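What follows is a predicted protein model with its sequence.
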Amino acid sequence: AQSVTQPDIHITVSEGASLELRCNYSYGATPYLFWYVQSPGQGLQLLLKYFSGDTLVQGIKGFEAEFKRSQSSFNLRKPSVHWSDAAEYFCAVGAPAGHSGYSTLTFGKGTMLLVSP
Amino acid sequence: KAGVTQTPRYLIKTRGQQVTLSCSPISGHRSVSWYQQTPGQGLQFLFEYFSETQRNKGNFPGRFSGRQFSNSRSEMNVSTLELGDSALYLCASSPQGADSFAEAFFGQGTRLTVV
């Protein structure tokens, strides 16, 4: 079974500074990888996804992530954080179930991003 | 295009009661999944429906059930509510088909409180 580890429960970054959120996954083959963001009391918004191809993927709101197969990682980055980026971030892995392509998502525990002025 | 709509947004129920939550997926999406989110357990998969058939089920007791209608709208039901069922229930719709995988788009959730 697949699993996702987000080692940082909380991260505080100064506004304007760069950000990197870590994500490690466990899965026997190349997984589908996602980053979602959740504001308090809200649902999850998809930031970006990796299915195949270029290992550096661009997402919305200036976020990017890099898939590194050798490290089983899919870290999320942003060059300059804005106060509005404060939220909880979830890394997820989707793996095909059985013979069909459909899948379920397995989520990490999340990383809460705090942005200081 | 309208997003995923979940109703109601908030619910307060008493232990032992049952509850039904509703989810309307994005138009054209035939796959609907349900997840439970709690502070202790995080996000956990409940079940997934595609074309009115349950294709996958998570590790939850039989008190949790669901169904999908011909218009792809889905409902989940929890019977004999327990305090531990208090959670944010998230519905996600996906354009994935019978043999394809695609990303999931989430609704804003239904906050269920059991007292």
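Great, that's in hand.

Who are the packing partners of the helix or strand containing B:Cys23?
Assigned by DSSP states H and E, B:Cys23 belongs to strand B:19-24. Packing partners of strand B:19-24 (3 or more CB pairs under 8 Å, 6 or more residues apart in numbering or on different chains; DSSP states H and E): strand B:5-7, strand B:10-13, strand B:74-78, strand B:87-94, strand B:110-114. (Each C-beta comes from the backbone N, C-alpha and C, glycine too.)

For the ones you listed, give me CSV that also has mean neighbour count, distance to B:Phe101 and mean pLDDT.
Formatted as CSV, the helices and strands packed on strand B:19-24 follow (neighbours: other CB atoms under 10 Å in any protein chain shown; distance: least, CB to CB, whole Å; pLDDT from 0 to 100):
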stretch, mean neighbour count, distance to B:Phe101, mean pLDDT
strand B:5-7, 16, 23, 97
strand B:10-13, 14, 32, 98
strand B:74-78, 21, 19, 98
strand B:87-94, 24, 8, 95
strand B:110-114, 18, 26, 98
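
Show me what the helix or strand encompassing A:Val93 is packed up against.
Assessed by DSSP H and E, A:Val93 sits inside strand A:87-96. Strand A:87-96 sits against strand A:3-5, strand A:32-38, strand A:73-78, strand A:103-107, strand A:111-116, with contacts defined as 3+ CB pairs under 8 Å, 6+ apart.

can you tell if the lowest-mean-pLDDT helix or strand in chain B touches chain A?
The weakest-scoring helix or strand in chain B, judged by mean pLDDT, DSSP states H and E, is strand B:53-57 (a mean of 88). Yes: under the criterion of CB under 8 Å from any CB of the partner chain, chain A is reached by strand B:53-57 at B:Arg55, B:Asn56.

Pull out the buried positions in that strand.
B:Arg55, B:Asn56 (16 or more other CB atoms under 10 Å in any protein chain shown).

Give me the residue ranges of chain A where confidence is low.
For chain A, applying pLDDT under 70 flags the ranges A:96-103.

and if we set it to 90?
In the predicted model of chain A, residues A:1-3, A:26-32, A:40-42, A:51-54, A:94-105 satisfy pLDDT under 90.

Alongside chain A, which residues does chain B contribute?
Proximity of chain B to chain A, by CB under 8 Å from any CB, involves residues B:4, B:6, B:31, B:33, B:35, B:42-43, B:45, B:48, B:50, B:55-56, B:58, B:90, B:92, B:96-101, B:103-109, B:111.

ok so, going back, which residues are in contact with the strand holding B:Cys23?
Contact with strand B:19-24 is made by B:4-8, B:11, B:13, B:32, B:34, B:73-78, B:81, B:89, B:91, B:93, B:107, B:110, B:112, as judged by CB atoms under 8 Å, 6 or more residues apart in numbering or on different chains.

Using PDB, list the CA coordinates for that strand.
Coordinates of each C-alpha in strand B:19-24 appear next as PDB, following Å, rounded to 0.1, in the frame of the first residue of the first chain:
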ATOM      1  CA  VAL B  19     -27.200  11.500   8.800                       C
ATOM      2  CA  THR B  20     -27.200  11.900   5.000                       C
ATOM      3  CA  LEU B  21     -24.700  14.100   3.200                       C
ATOM      4  CA  SER B  22     -25.100  15.200  -0.400                       C
ATOM      5  CA  CYS B  23     -22.600  15.900  -3.100                       C
ATOM      6  CA  SER B  24     -23.100  17.300  -6.600                       C
END
